[in-house]
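Participant: model this:
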Amino acid sequence: MGEKAEGEKSRKVEVSEWPIVSGDFMVGDPKAPVAVVTLASAGLVKELIKEPGVAIVGECKTENVGIEKVVLNVISNPNIRFLIICGTEVAGHVTGGSFKALYEGGVDPDSKRIKQAPGAIPYLEALPIEAVERFRKQVQFVDMINVEDAGQVAAKIKELAAQDPGAYPEPPMIIKLAEKEEEAAAALRIPLMVSLPPALKVADRLVEDIEFKTMLLSRERRLTVGVETTRLRGIIVGFLLAVGLLSLMLFVGFG
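Facilitator: Next up, the predicted model:
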């Protein structure tokens, strides 16, 4: 009985033509139990793919198409049982928080919106409810959002690999987007784990530059207001002291 249980635990599934969604990610061992999403931290990908126990590592910057593609690649490989979300959270999209909301609450069956998701447009329009529920059952969500220390994430990968329960006991769920849907998604939304064209990269850098300069201007304004306030207080205190001193001199003179 014990030997059978151990054999079932270590059972792995052969997966062909995987990952089913192409993109800018790196594949490790398809029979490994851990998938890693590094959110906006591209530098972690090459570091973490070296770790034993990793099936796939890639970025994910959007809370809609990006999450859809992660789900599709996970449910098409039953060997993946853990999903680590790490790296810097994506401003505005809040992709990591949307992943967590998806795992905890699923999606609304009518609107396809991730329940309680903090992202701007967390709609998984291309996924049937069955795919979402399979994803939530198949993997254990590991929250390491905003952790950029590769060593810390690597330690967690090792820990999870040692707990590998074996392949999920259902066949791979293969869902492919229709060609027109993929084209529309590529045109309208930034895809998961896909290299941005140069123009988009430039635009992305411009947005980051604008955000940074806005932050500096805001800070400068606060500092300026602080200085002006301090200066005004000094003038008022000086004026009051001068009036008090003049009054004292007049009082003494008349006295």
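Participant: and for stretch 238-252, what's in contact with it?
Facilitator: Contacts to stretch 238-252, defined as CB atoms under 8 Å, 6 or more residues apart in numbering, come from no residue at all. No exception for glycine: its C-beta is placed from N, CA and C like everyone else's.
Participant: could you give me the average pLDDT of that stretch?
Facilitator: Averaged over stretch 238-252, pLDDT sits at 74.
Participant: now find how far off-centre that stretch is within its chain.
Facilitator: For stretch 238-252, the separation from the chain centroid amounts to 64 Å (computed by CA atoms, centre = their mean, to the nearest Å).
Participant: quick one: buried residues of it?
Facilitator: Within stretch 238-252, no residue counts as buried by 16 or more other CB atoms under 10 Å.
Participant: same question, stretch 150-163
Facilitator: Buried-residue list, stretch 150-163, by 16+ other CB under 10 Å: Ala150, Val153, Ala154, Lys156, Ile157, Leu160, Ala161.
Participant: which residues sit against it?
Facilitator: Here stretch 150-163 makes contact (CB under 8 Å, 6+ apart) with 32-34, 36, 44, 47-48, 51-54, 82, 84, 86, 140, 142, 144, 147.
Participant: any idea of the mean pLDDT in it?
Facilitator: Stretch 150-163 carries an average pLDDT of 98.
Participant: ditto for stretch 124-143
Facilitator: pLDDT averaged over stretch 124-143 gives 97.
Participant: same question for stretch 62-79.
Facilitator: 96.
Participant: if we can go back for a sec, next, format the buried residues of stretch 150-163 as a markdown table and append secondary structure.
Facilitator: Formatted as a markdown table, these follow (DSSP: H, G, I helix; E, B strand; the rest coil):
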| residue | secondary structure |
| --- | --- |
| Ala150 | helix |
| Val153 | helix |
| Ala154 | helix |
| Lys156 | helix |
| Ile157 | helix |
| Leu160 | helix |
| Ala161 | helix |
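Participant: need those in CSV (columns: distance to Phe239).
Facilitator: Formatted as CSV, these follow (distance: CB to CB, whole Å):
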residue, distance to Phe239
Ala150, 60
Val153, 61
Ala154, 64
Lys156, 63
Ile157, 67
Leu160, 69
Ala161, 72
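Participant: so Arg56 is in contact with Ala35, correct?
Facilitator: Residue 56: Ile, not Arg. Yes: between Ile56 and Ala35 there is a contact at 5.1 Å, judged by CB atoms under 8 Å.
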